[in-house]
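Enquirer: Predicted structure and sequence below. I'll ask about it afterward.
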Protein chains: 2
Amino acid sequence: MDVKSIIAPVEDDLAAFEIDFKATFESKIDIIDQIADHLIKTKGKRLRPALVLLAASTHGKPGGDAIRVAAIIELIHTATLVHDDVVDEAALRRGSPSLNSIWDNHVSVLMGDYLLSRALCLIVLMESRDMMSTISKCTERLSKGELLQATHGFDPGISEEQYFNIISDKTASLMASGCEVGAYLTSGSADIAESFRKYGEFLGKAFQITDDVLDYVGDEETIGKPTGNDAQAGTVTLPLIRALEKASPSENAQIRGLLNGEWSDDSWPTIVDFTHKNGGIEYARFRALEYSAAAKAELVGIQESPAKESLLAMADYAVNREK
Amino acid sequence: MDVKSIIAPVEDDLAAFEIDFKATFESKIDIIDQIADHLIKTKGKRLRPALVLLAASTHGKPGGDAIRVAAIIELIHTATLVHDDVVDEAALRRGSPSLNSIWDNHVSVLMGDYLLSRALCLIVLMESRDMMSTISKCTERLSKGELLQATHGFDPGISEEQYFNIISDKTASLMASGCEVGAYLTSGSADIAESFRKYGEFLGKAFQITDDVLDYVGDEETIGKPTGNDAQAGTVTLPLIRALEKASPSENAQIRGLLNGEWSDDSWPTIVDFTHKNGGIEYARFRALEYSAAAKAELVGIQESPAKESLLAMADYAVNREK
């Protein structure tokens, strides 16, 4: 199933989401409105809002609350993207990340803060203690995961366990919270919400591992950015972690040298080759499939519906996509 | 009264605050603990926690809740300071702001996000809808004020009204929220809390205007940083706004040229001279005194206590301090 078919059951709700999402940015401040316009024009796949609305749709029709939660989750996601664009000389030292060229770093930081604060004000208005607790803890995990990742910049010694902790915090937590809250809003059941939380957690990991694999094997034209971005920026992900584990000591030392030395035109092809040869890509693909299956397994007890079908298909899409 | 005497009535509470504040940083992540240690070692005057505790002390003994609110307010303040340190080439183009040299921009952004998220998690745990609403709205105003200020970077046409809106959002709002919540915790009265909110709002404006005056007339050794920082970074504040209003068209044009042109050794002395001559410093001092008096007037109906005396003295300190 392609993304269009997956989101079909919540197409109308996603249209309502777009209107609400836009309204949440509202301010009387020019610079905020300009940036908001830009962010809305350059919108992503809206996977997180779709997950909230699909999860809600498994037990009823998503109401205004579900649409608002979708907007809050997307606001938080947008805030992290805006803050990700703030780079430093260290991150730039080997390349030119897609730094936002329209505003300077300071404005990007402030805009991210504004989006995050807006999201939190909107949660408070919803007057649900559980939802506030879930989502505020999640924002803490997002920054924690990114900080952990930064700690391990250019660290070829990072372990699989550390990698999984990082992706759980920085990627899976927001999907897990969105699915949990979405399902709770229409089912009213804490047990069902917990299954959806786990579904979102496993799905998020499958998505992130696949992203990391695509940074090695993706077609640059299809994914719309050069491969090797992560390694060049110092982020060592699962394919390489596994390959370094499996390689001979001498090969391991050679690749560590490459990672921490001057980046040349040969560096990336050599690392990709090494990663393939030592089974890193294959292993990461396998782990992603494992998480995708685990996500689907969480929905076994959930009543059949088009939304449930879509969520199962989303778990396949997470690992099969080419971008 | 000096700061030491002002905080005397809440000395013990401030010691309890320091312990709680440190505990709020707790994580099992090395980089967070290292940055937390650094932030605690380089602590500021703790004015905001003192305000929360003094406001609470006017109607009883501050309890654990007041100490926790003091910690939350200081966490939010610290997050904004950490994010302020993220500068861009534009802001650097004329000088060298005290950019944090220990971590790179990206880590500073993430750490600020972590502190803000921590603060919001802690508010949720307090289970008070009003407090959550007050403080989440305040975080929104902080980023809004800073964004507004960034909008007016190098804008000699900024009006007094725009200036007052900016300082209300970026400085006064957090002091106002701290005083409001602190007073409410022990008095339980919405009316009293509202008086303290206004007190904090006026006090915050008096503080910020005085900061802006000190950037013109402060003794560099006493304030511990070079004067002229704001103007050089493009922030046009009240003394200069007023002087530009009062100056002749030709003088006005000359200063606008200086502000937007290449910065030379003569630029700053010329601007200071111009600001003095056209009554900008005198006027800003007068407005700060006005706000200081307005802050004190809000406490007229409040029962006498050492804490109230301190809050009145704080309003004097806001405008009389030399750093």
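Expert: On my side now, so go ahead.
Enquirer: Count the neighbours of the closest residue to chain B within the stretch 201-323 of chain A for me.
Expert: Nearest to chain B in the stretch 201-323 of chain A, going by CB to the nearest CB, is A:Ala233, at a distance of 9.8 Å. For every residue, glycine as well, the C-beta is placed using N, CA and C. Residues near A:Ala233, counting by other CB atoms under 10 Å in any protein chain shown, number 18.
Enquirer: again, but for A:Asp30
Expert: 11.
Enquirer: Same check on the one 3 residues further on?
Expert: When neighbours are defined as other CB under 10 Å, A:Asp33 has 13 of them.
Enquirer: Model confidence score at the closest residue to it other than its chain neighbours, please.
Expert: Closest residue to A:Asp33 apart from its sequence neighbours, by CB to CB, 6 or more residues apart in numbering or on different chains: A:Ser27 at 6.4 Å. With respect to pLDDT, A:Ser27 scores 85.
Enquirer: A:Ser27: how many residues sit nearby?
Expert: 15.
Enquirer: Buried residues of stretch A:277-288, list them for me.
Expert: Neighbour-count burial for stretch A:277-288, with 16 or more other CB atoms under 10 Å in any protein chain shown as criterion, is recorded at A:Asn278, A:Gly279, A:Gly280, A:Ile281, A:Tyr283, A:Ala284, A:Arg285, A:Arg287, A:Ala288.
Enquirer: Oops, could you answer that again for stretch A:249-269 instead?
Expert: Neighbour count says stretch A:249-269 has A:Asn252, A:Ile255, A:Arg256, A:Leu258, A:Leu259, A:Ser267, A:Trp268 buried, by 16+ other CB under 10 Å.
Enquirer: Kindly check the end-to-end length of it for me.
Expert: Stretch A:249-269 has an end-to-end distance of 20 Å (CA to CA, to the nearest Å).
Enquirer: And for that stretch, what's in contact with it?
Expert: A:94-95, A:154, A:156, A:227-228, A:231-232, A:234, A:236, A:240, A:243-244, A:247, A:270-271, A:274, A:278 (CB atoms under 8 Å, 6 or more residues apart in numbering or on different chains).
Enquirer: Cross-reference the residues you listed with the helices and report the matches.
Expert: Among the contacts of stretch A:249-269, DSSP state H puts A:Ala231, A:Gln232, A:Leu240, A:Ala243, A:Leu244, A:Thr270, A:Ile271, A:Phe274 in helices.
Enquirer: now those residues: which count as buried?
Expert: A:Ala231, A:Gln232, A:Leu240, A:Ala243, A:Leu244, A:Ile271, A:Phe274.
Enquirer: could I get those as CSV with pLDDT and distance to A:Ile7?
Expert: Output for these, formatted as CSV (pLDDT from 0 to 100; distance: CB to CB, whole Å):
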residue, pLDDT, distance to A:Ile7
A:Ala231, 83, 32
A:Gln232, 82, 33
A:Leu240, 97, 33
A:Ala243, 97, 36
A:Leu244, 97, 38
A:Ile271, 95, 36
A:Phe274, 97, 38
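Enquirer: pLDDT at A:Ser101, what is it?
Expert: 52.
Enquirer: for the record, mean pLDDT for stretch A:30-42?
Expert: Averaging pLDDT along stretch A:30-42 yields 85.
Enquirer: Same check on stretch A:188-197?
Expert: Mean predicted confidence for stretch A:188-197 is 98.
Enquirer: in chain A, which helix or strand is least confident?
Expert: helix A:89-92 (a mean of 52; mean pLDDT, DSSP states H and E).
Enquirer: Show the subsequent helix or strand relative to that helix.
Expert: helix A:105-126 (DSSP states H and E).
Enquirer: Give me the angle between that next one and helix B:105-126.
Expert: Put simply, helix A:105-126 runs at 20 degrees to helix B:105-126, going by axes from the mean of the first three to the mean of the last three CA atoms, to 10 degrees.
Enquirer: can I get the CA coordinates of helix A:105-126 in PDB?
Expert: Taking C-alpha atoms only, helix A:105-126 is exported to PDB below (Å, rounded to 0.1, in the frame of the first residue of the first chain):
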ATOM      1  CA  ASN A 105      20.500  30.400  13.900                       C
ATOM      2  CA  HIS A 106      19.100  32.600  16.600                       C
ATOM      3  CA  VAL A 107      15.700  33.100  14.900                       C
ATOM      4  CA  SER A 108      15.500  29.300  14.300                       C
ATOM      5  CA  VAL A 109      16.100  28.600  17.900                       C
ATOM      6  CA  LEU A 110      13.400  31.100  19.000                       C
ATOM      7  CA  MET A 111      10.900  29.900  16.500                       C
ATOM      8  CA  GLY A 112      11.400  26.300  17.700                       C
ATOM      9  CA  ASP A 113      10.900  27.500  21.300                       C
ATOM     10  CA  TYR A 114       7.800  29.300  20.200                       C
ATOM     11  CA  LEU A 115       6.400  26.200  18.500                       C
ATOM     12  CA  LEU A 116       7.100  24.000  21.500                       C
ATOM     13  CA  SER A 117       5.600  26.600  23.900                       C
ATOM     14  CA  ARG A 118       2.500  26.900  21.700                       C
ATOM     15  CA  ALA A 119       2.100  23.100  21.700                       C
ATOM     16  CA  LEU A 120       2.300  23.000  25.500                       C
ATOM     17  CA  CYS A 121      -0.200  25.800  25.900                       C
ATOM     18  CA  LEU A 122      -2.600  23.900  23.600                       C
ATOM     19  CA  ILE A 123      -2.200  20.700  25.700                       C
ATOM     20  CA  VAL A 124      -3.000  22.600  28.900                       C
ATOM     21  CA  LEU A 125      -6.200  23.900  27.300                       C
ATOM     22  CA  MET A 126      -7.300  20.300  26.700                       C
END
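Enquirer: what about that helix and chain B, touching?
Expert: Yes - Helix A:105-126 reaches chain B (CB under 8 Å from any CB of the partner chain) through A:105-107, A:109-114, A:116-118, A:120-121, A:123-125.
Enquirer: ChimeraX command to pick out the buried ones of those?
Expert: Remark: buried members of the residues of helix A:105-126 next to chain B, expressed as a ChimeraX selection using 16+ other CB under 10 Å:
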select /A:105,106,107,109,110,111,112,113,114,116,117,118,120,121,123,124
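Enquirer: Which part of the stretch 151-300 of chain A gets nearest to chain B, residue-wise?
Expert: A:Thr151 (4.5 Å).
Enquirer: can you list the weak-confidence ranges in chain A?
Expert: A:87-102 (pLDDT under 70).
Enquirer: Centroid-nearest residue for it?
Expert: A:Thr171 (4.1 Å; CA atoms, centre = their mean).
Enquirer: Can you tell me the closest non-neighbouring residue to that residue?
Expert: Here the residue nearest A:Thr171, using CB to CB, 6+ apart, is A:Gln208, at 4.2 Å.
Enquirer: neighbours of that neighbour, just the number please.
Expert: Per other CB under 10 Å, the neighbour tally for A:Gln208 reads 24.
Enquirer: And for the residue of the stretch 101-250 of chain A found nearest chain B, the neighbour number?
Expert: When scored by CB to the nearest CB, the stretch 101-250 of chain A has A:Asp104 as its residue closest to chain B, at 3.5 Å. A:Asp104 has 20 neighbours, counted by other CB under 10 Å.
Enquirer: Just to check, A:Gly60 is in contact with A:Gly188?
Expert: No - counting by CB atoms under 8 Å, A:Gly60 does not reach A:Gly188; the two are 9.4 Å apart.
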